[in-house]
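J.: Quick one, structure for this:
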Amino acid sequence: MKIAILSRNPNLYSTRRLKEAGEAQGHEVDVIDTLHCYMDITSSRPTVRYHGKELPKYDAIIPRIGASITFYGTAVARQFEMMGTFNVNESVAISRSRDKLRSLQLLSRKGIGLPRTGFASKPDNIKDLIKNVGGAPLVIKLLEGTQGIGVVLADTAKAAESIIEAFMGLKANILVQEYIKESGGADIRCLVIGGRVVAAMKRQGAEGEFRSNLHRGGSAEVVKLSKAERETAVNAAKAMGLNVCGVDLLQSINGPMVMEVNSSPGLEGIETATGKNIAGMVFDFIEKNENNASNNKTRGQG
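T.: Numbering: from 1, shown residues only. Next comes the predicted model:
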């Protein structure tokens, strides 16, 4: 098959591994810089152009769209969908998962475990907002933050009030979230492909750090999931409509809670921790499902 990876950097571990894995399985794999694509939105014959030429017909695309280019990246992915190309993660599902507030509301509607969360623009009573999520300590998150950036732990109600007021002064959208103390600065990253958890690792934050992101010095090890954790991860992926994603779980006394669903999960940490060929599994999924691409032809038009 002829497959394109939408990625801004061909040298990133995840992009490189996907290209290697696809070629090892006999596919022709191109890496295309998403921002250099431009679209010819013509009735009955939509196309994508790149460096002055029309791109060839691809059987499938693998979108690796960074959070900073979500709007344009999903527009490019949607154009491929309109051309009848099979998309590993459809554009609407990526947009859904990237909107932290929307994704939490969708997960909540499906009854999936979540930390208690508050969202407000200009609350008349900040004290009540804090009280509503269980009081301090609590976590305050920028709606647009990634990789742990814009995530603050407020130890006291007074500190929480000050941080919320500061963010509001900057006109930033924030979430106020219950702090799951028993998780101990650790979370579980579940890699879901095609409705199945194919790998999982436990990420532990560095000493004195409540955020477990590997980018922030956290460590990772293989973990055996409970049935509840496995089901929660699969249901979260399904709620977002994502075929390939990372689901981050917190272990709480009330069962597993979803912290985030990532439509472009990094492969380095989980492949290193588990020794599994996750990139190859993505191509296994494409091989099994690409023949349904014709059914996707008009999905991206809404």
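
J.: Quick one: neighbours of the residue nearest to Leu225 when sequence neighbours are not counted, just the number.
T.: Distances taken as CB to CB, 6 or more residues apart in numbering put Ala200 closest to Leu225, at 5.2 Å, once the chain neighbours are dropped. For the C-beta atoms, the positions are set from N, CA and C on the backbone; glycine is no exception. Ala200: 23 surrounding residues under other CB atoms under 10 Å.

J.: Name every strand pairing with the helix or strand of the chain with the lowest mean pLDDT and say which way it goes.
T.: Least confident helix or strand of the chain, by mean pLDDT, DSSP states H and E, is strand 219-222 with a mean of 82. Strand 219-222 pairs in its sheet with strand 196-204 (antiparallel), by DSSP bridges.

J.: Export stretch 37-50 to PDB, keeping only CA atoms.
T.: In PDB, the C-alpha atoms belonging to stretch 37-50 read as follows (Å, rounded to 0.1, in the frame of the first residue of the first chain):
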ATOM      1  CA  CYS A  37       0.100  20.900   2.300                       C
ATOM      2  CA  TYR A  38      -2.500  23.100   0.700                       C
ATOM      3  CA  MET A  39      -6.000  22.200  -0.500                       C
ATOM      4  CA  ASP A  40      -7.900  22.500  -3.800                       C
ATOM      5  CA  ILE A  41     -11.500  22.300  -2.600                       C
ATOM      6  CA  THR A  42     -13.300  21.600  -5.800                       C
ATOM      7  CA  SER A  43     -16.600  20.000  -6.300                       C
ATOM      8  CA  SER A  44     -16.300  16.300  -7.000                       C
ATOM      9  CA  ARG A  45     -12.500  16.400  -7.200                       C
ATOM     10  CA  PRO A  46     -10.900  17.500  -4.000                       C
ATOM     11  CA  THR A  47      -7.100  17.300  -4.000                       C
ATOM     12  CA  VAL A  48      -4.100  18.100  -1.800                       C
ATOM     13  CA  ARG A  49      -1.100  19.900  -3.200                       C
ATOM     14  CA  TYR A  50       2.400  19.800  -1.800                       C
END
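
J.: So Leu107 lies in a helix, does it not?
T.: Yes. The assignment for Leu107 (DSSP: H, G, I helix; E, B strand; the rest coil) places it in a helix.

J.: hang on, isn't it packed against Ala239?
T.: Yes. The criterion here is CB atoms under 8 Å, and Leu107 meets it with Ala239 at 5.5 Å.

J.: gap between the two ends of stretch 173-189?
T.: End-to-end span of stretch 173-189 (CA to CA, to the nearest Å): 26 Å.

J.: which parts of that stretch are buried?
T.: 174-180, 183, 185-189 (16 or more other CB atoms under 10 Å).

J.: Out of those residues, which one has the weakest pLDDT?
T.: pLDDT across the buried residues of stretch 173-189 is lowest for Gly185, at 78.

J.: how much space between that residue and Gln251?
T.: Distance of Gly185 to Gln251, given as CB to CB, to the nearest Å: 11 Å.

J.: what does Leu6 give?
T.: 34 Å.
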